[in-house]
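Participant: no FASTA, just this:
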């Protein structure tokens, strides 16, 4: 993967351009980095031009200046696509990455070839009670992080992954997350329940792992009720970050969705 960063942007991104027709963009979960998609990058680069990045405050995207925030992620992604002359792209987001993927689709729908979200919720119609519960969980995790990053990472890995290997990989990435970057996460609230639901002219895939928390399964069901044309998949043997728990099943599911627009 070739590492790049555009001028006047803090976002470090990675591309594997292999002269394929279509592009895929992977957006990672909170507190880790683009390496959570190493199995996907290896698999898809023989089929698609692949792109991933480090979200602001994560990985190598930490050289920020005053005014930079997570609310600018969609703009920065759009500028990257423009730089590479990419018209439409398949977007895949996991957890917080699913929020950013939806925000981008809200702001630049003409650039979306398909939208796949795993371990997320409908940011255009997020139930108030679920939003409150989600906020309480995040606050508790942040308090643990302020006390000890290792304590935070140990607790977070059990929420974020199901298999032992995925938990250990998540833990190692989580340890390098800088405490100062927590301030960027607050900006996610600016993306929730601000846009009205519009008819999509691209296919939507909603997914989660069978071992994800009950709140996530509720969010998936509610979203499907709102958008009945969306495809839904519950991946067996997986937790919150399904792409890390069951990479082969995750990859096969995406391949089918990209090709047929449904699963």
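Facilitator: Sure, I can see it. As the structure is a computational prediction, the values presented were derived from the model and not from experiment.
Participant: How about the host helix or strand of residue 218, which residues are buried there?
Facilitator: Per DSSP states H and E, residue 218 falls inside helix 214-226. By neighbour count on 16 or more other Cβ atoms under 10 Å, the buried set for helix 214-226 is 216, 219, 220, 223, 224. (Each C-beta comes from the backbone N, C-alpha and C, glycine too.)
Participant: likewise stretch 234-247?
Facilitator: Buried residues in stretch 234-247, counted by 16+ other Cβ under 10 Å: 234, 235, 238, 239, 240, 241, 242, 243, 244, 245, 246, 247.
Participant: Which parts of the protein are strands?
Facilitator: Assigned by DSSP state E, the strands in the chain fall at 2-5, 12-16, 23-27, 49-53, 89-94, 112-118, 204-209, 231-235.
Participant: Just the residues contacting the helix holding residue 218, thanks.
Facilitator: By Cβ atoms under 8 Å, 6 or more residues apart in numbering, the residues outside helix 214-226 that reach it are 119-122, 125-127, 130, 133-134, 197, 206-208, 230, 232, 234, 240.
Participant: List buried residues within the residues you listed.
Facilitator: Listed as buried from the contacts of helix 214-226 are 119-122, 125-127, 130, 134, 206-208, 230, 232, 234, 240; burial here means 16+ other Cβ under 10 Å.
Participant: Among these, show me the least confident.
Facilitator: Minimum pLDDT for the buried ones among the contacts of helix 214-226 is recorded at residue 134 (61).
Participant: Residue ranges in the stretch 151-263 of the chain under the pLDDT threshold?
Facilitator: Low-confidence segments of the stretch 151-263 of the chain (pLDDT under 70): none present.
Participant: Relative to residue 178, how far out is the residue nearest the centre of the chain?
Facilitator: Per Cα atoms, centre = their mean, the C-alpha nearest to the average position across the chain is that of residue 97, at 1.8 Å. Per Cβ to Cβ, to the nearest Å, residue 97 is found 19 Å from residue 178.
Participant: Ok, residue 100 next?
Facilitator: Distance from residue 100 to residue 178, counting by Cβ to Cβ: 19 Å.
Participant: go on, residue 165?
Facilitator: Separation of residue 165 from residue 178 (Cβ to Cβ): 25 Å.
Participant: ditto for residue 10
Facilitator: Using Cβ to Cβ, residue 10 is found at 13 Å from residue 178.
Participant: can you check residue 50 too?
Facilitator: Per Cβ to Cβ, residue 50 is found 27 Å from residue 178.
Participant: isn't residue 175 right next to residue 149, touching?
Facilitator: Yes: using Cβ atoms under 8 Å, residue 175 is in contact with residue 149, at 6.3 Å.
Participant: Between these two, which contacts overlap?
Facilitator: Overlap of the contact sets of residue 175 and residue 149 (by Cβ under 8 Å, 6+ apart) is empty.
Participant: of these two, who's got more company?
Facilitator: Neighbours per residue (other Cβ atoms under 10 Å) separate residue 175 from residue 149, with residue 149 holding more: 18 against 14.
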